[in-house]
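Trainee: sequence below, structure please.
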Amino acid sequence: MAINPKPKTYSFMKNIDDPKNWLPLKEAAHALRLSRHTVVRLCEERDPLTRKPYLIGWRPSPGTLLISRESLADFCRLTRQDLDFWTERKQRVKAGRLT
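Mentor: Predicted coordinates:
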């Protein structure tokens, strides 16, 4: 009798077509109290330490950007736990540019 191990699911591969896992750009910007342009930038910029984008975005069609609820929750948790997050981030970016 063979034991079938449970297939490993990665967080970035969770049902991409499930609307419960994604928020429209406008809603994500409203939740973060940031402009839509800033949210798009957070999808494009990478954290210097982890080399992962701050937010995971998906473009199902031109002109549409959806933000992963999981990445949004991680971003909120990260910035709320560490009050010096943005100050330290600036210093890390400057240090990264010098090397």
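Trainee: list the buried ones in stretch 37-46?
Mentor: Within stretch 37-46, the residues scored as buried using 16 or more other Cβ atoms under 10 Å are 39-40, 42-43. Every residue, glycine included, has its C-beta placed from N, CA and C.
Trainee: so which of these sit within helices?
Mentor: Using DSSP state H, the members of those that fall within helices are 39-40, 42-43.
Trainee: nearest to residue 57 among the buried residues of stretch 37-46?
Mentor: residue 43 (3.6 Å; Cβ to Cβ).
Trainee: on that earlier part again, tabulate the buried residues of stretch 37-46 (JSON lines), appending distance to residue 21 and pLDDT.
Mentor: Shown next, in JSON lines, are the buried residues of stretch 37-46 (distance: Cβ to Cβ, whole Å; pLDDT from 0 to 100):
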{"residue": "39", "distance to residue 21": "17", "pLDDT": "95"}
{"residue": "40", "distance to residue 21": "19", "pLDDT": "95"}
{"residue": "42", "distance to residue 21": "18", "pLDDT": "94"}
{"residue": "43", "distance to residue 21": "15", "pLDDT": "94"}
